[in-house]
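Engineer: Model the following, please.
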Amino acid sequence: MNQNLILIADDDADVRDLLTVALEGAGYQAVGANDGRTAARILTVAKPIAMITDVRMPSMNGMELCRLARNTPALRDMAILMVSGNNHAYDVDAGMVAGADGYVAKPLQPKRIVSELRDLISRRPGA
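Structural biologist: Numbers count the residues shown, from 1 in each chain. Predicted coordinates:
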């Protein structure tokens, strides 16, 4: 795993930019993907330490992307944080069942995202 790389999978360029600035300001490298299929390709090549994924994206949604990561041996230990405009208990539960480690509702607060991600990374095996 790339110990400093975070993948941001979100179809909203403004969200990707906001999170990239926050993560890079916290000492991480960030790479963005505007849809699930692109994110899946990046995951298999770059093997980031963590992924932030929106639930709703074109071509492959965040739930599918999360399940893909959890079923790929080289990515199983990656921290996964889901973000979504849906914050109903059902949506949060579905994210956790898919394999997410955390779930944050939009609108996003960059400092909270960085803090949550650091915590998730520290709790992963081999951290």
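Engineer: Per-residue pLDDT of P125, please?
Structural biologist: According to the prediction, P125 has pLDDT 76.
Engineer: all helices for the protein, in order.
Structural biologist: 13-25, 36-46, 62-70, 89-98, 110-123 (DSSP state H).
Engineer: ranking those by mean pLDDT, which is last?
Structural biologist: helix 89-98 - the lowest mean pLDDT of the helices of the chain, at a mean of 84.
Engineer: rewinding a little: wait, which of the helices of the chain is closest to I6?
Structural biologist: helix 13-25 (5.3 Å; C-beta to C-beta). Glycine gets a C-beta too; all of them are placed from N, C-alpha and C.
Engineer: residue contacts, the closest residue to K47 other than its chain neighbours?
Structural biologist: Leaving aside its chain neighbours, K47 sits nearest to M1 (5.0 Å; criterion: C-beta to C-beta, 6 or more residues apart in numbering). Shown in contact with M1 (C-beta atoms under 8 Å, 6 or more residues apart in numbering): K47, P48, I49, A74, D77, M78.
Engineer: Give me the subset of these lying in strands.
Structural biologist: Using DSSP state E, the subset of the contacts of M1 located in strands is P48, I49.
Engineer: biggest separation within the contacts of M1, which pair?
Structural biologist: Longest span within the contacts of M1, C-beta to C-beta: I49 and A74, 12.1 Å.
Engineer: Looking at the two, which one has more neighbours?
Structural biologist: I49 (22 against 11; other C-beta atoms under 10 Å).
Engineer: for R124, phi and psi?
Structural biologist: When quoted as degrees, to the nearest 10, the phi and psi of R124 stand at phi -80, psi 150.
Engineer: what's the closest of the contacts of M1 to V21?
Structural biologist: Distances from V21 to the contacts of M1, taken by C-beta to C-beta, are shortest for P48, at 17.4 Å.
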